[in-house]
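Visitor: just a sequence and a predicted model for now, questions to come.
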Amino acid sequence: MVAAAAEDTGKDLINGRGDAYCGLLSASYNIGLRRLNPYIPEYPIGDPEDIASMLADFIPIARTVLGVRNLKILSFGPRPFDFLTCHAPIQPLFDMGIEIMENSELDLLDLVQAKRETRKSNV
């Protein structure tokens, strides 16, 4: 999350918050150079109490991001891994770092049968 707090001095630009706007502009330029994609609140400039409220609003977003980081989705269906056009709808998942393992129905059958064999051998 990117936001900027400012003290209202009334002596600089934009309602006493010019330094905060300048700092946020500089940070945004740096973020662009690094090709990052942070969360920026709708109104990212405020006094310290405003920013604390923004941080509290950001907690559910951060939890969601952490929850999907390193997530692995296992799916079964007739989608060959090397058939790129089938993967177009899942590109946003790849962009978030989610790994997707796709298997055929026969792979599922093999897994179920292997599990049955393991259970039989343990009895």
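Guide: That came through, no problem.
Visitor: make it CA atoms for all contacts and neighbour counts henceforth
Guide: Will do.
Visitor: do a quick rundown of the strands in this structure.
Guide: With DSSP state E applied, the chain shows strands at 4-5, 45-46, 72-76, 99-103, listed in chain order.
Visitor: for Ala27, find the nearest of those strands.
Guide: Proximity to Ala27 (C-alpha to C-alpha) singles out strand 4-5 among the strands of the chain, at 9.7 Å.
Visitor: list the contacts of the closest one.
Guide: Contacts of strand 4-5 from elsewhere in the structure, counted by C-alpha atoms under 8 Å, 6 or more residues apart in numbering, are Ala20, Tyr21, Gly23, Leu24, Pro44, Ile45, Gly46, Asp47, Pro48, Asp50, Ile51.
Visitor: distance between the longest helix belonging to the chain and the chain's centre?
Guide: Looking across the chain with DSSP state H, the single longest helix is helix 48-68. Put simply, helix 48-68 sits 13 Å off its chain's centre (C-alpha atoms, centre = their mean, to the nearest Å).
Visitor: which residues does it contact?
Guide: The contact list for helix 48-68, computed with C-alpha under 8 Å, 6+ apart, reads Met1, Ala3, Ala4, Ala5, Ala6, Pro41, Pro44, Ile45, Met96, Ile98.
Visitor: and the closest residue to Asp19 other than its chain neighbours, how many neighbours?
Guide: Once flanking residues are discounted, Asp19 sits nearest to Ala6: 7.1 Å by C-alpha to C-alpha, 6 or more residues apart in numbering. In terms of burial, Ala6 registers 18 neighbours under the definition other C-alpha atoms under 10 Å.
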